[in-house]
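Colleague: Okay, here's the prediction I keep looking at, along with the sequence it came from:
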Amino acid sequence: MILELLAKRHDEWIRMAMSFGLDRDTAKDIVQDMYLRMHKYVSNPERIMYNEDEVNTYFVFVVLRNLFVTSQKSMSFDTLEEIDGEITEPNYESENAYNRLIDEIWQEVDEWHWYDTKLFKLYHNTDMTIKKISEETKISERSIWNTLDNGRKRIQANRKEAYQAWKAEQKE
C-alpha cells in the first residue's frame, strides 16, 4: 500500500531528483533506488507516512538527496573528498602524483572479481546510466548499484594512503 501511494507521485519524485541537477534518466535511476530503499521501511510506516494516506514528502526528499550524494561520490575518482576535505585542481607539480593515484586505483579495479571489474569499468568509462546498463546486461539495477558502491568503498579504504600522499604533494 505504501509503495502504491509513493508511485502515485512518481513524476513529482523525478522532478525532485532533477532539481539536484540530474538529467531525466539519472533522476529516474535515483527514484527507482528510492523505491527500493523505501521498501525496506514498509514494516515501519511511521517513517514514510504522515498519516494513513499522506506520504512524508520531506523523508522522501532526504532519501533522494542521500542517494544523489552517494551516486555523485561513486561517479568519479575526483570525488574522494569523503576521505579528506575538498580537492583542488591539480597543478603541474602534483600532476604526476595524481596520475599515480589514478593508475593505482585502476590497478586495484583490475584485481577484483571479473564481474565487479567489468561493471565498474562499464559505468566509469561510458556515459551509460545504471538503468541503461541494467537494460543492456539484464542485471538488476540494485545489483549494479551495490557493486559500484562496494567498489567505491574498497577504493577509498585501500587507496587512502595514495590519496593522502597526492593531497600532501598538492599542498606543497
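Modeller: Noted; the coordinates are in hand. Residues are numbered from 1 along each chain as shown.

Colleague: what pLDDT does the residue nearest to the spatial centre of the chain get?
Modeller: What sits nearest the mean C-alpha location of the chain, by Cα atoms, centre = their mean, is Ser71, with 1.8 Å. Listed pLDDT for Ser71 reads 74.

Colleague: wait, it sits on Val31?
Modeller: No - if you go by Cβ atoms under 8 Å, Ser71 and Val31 don't touch, sitting 11.8 Å apart. Where C-beta positions appear, they are placed from N, C-alpha and C, glycine not excepted.

Colleague: Now for those two: what residues contact both?
Modeller: When Cβ atoms under 8 Å, 6 or more residues apart in numbering defines a contact, no residue borders Ser71 and Val31 alike.

Colleague: backbone phi and psi for the residue nearest to the centre of the chain, please?
Modeller: phi -70, psi -40 (degrees, to the nearest 10).

Colleague: Please enumerate the helices of this structure.
Modeller: Under the criterion DSSP state H, the chain contains helices at 2-8, 10-18, 24-40, 45-48, 57-75, 95-111, 114-125, 130-137, 141-158, 160-171.

Colleague: Check the gap between Met128 and Lys138 for me.
Modeller: Distance of Met128 to Lys138, given as Cβ to Cβ, to the nearest Å: 14 Å.
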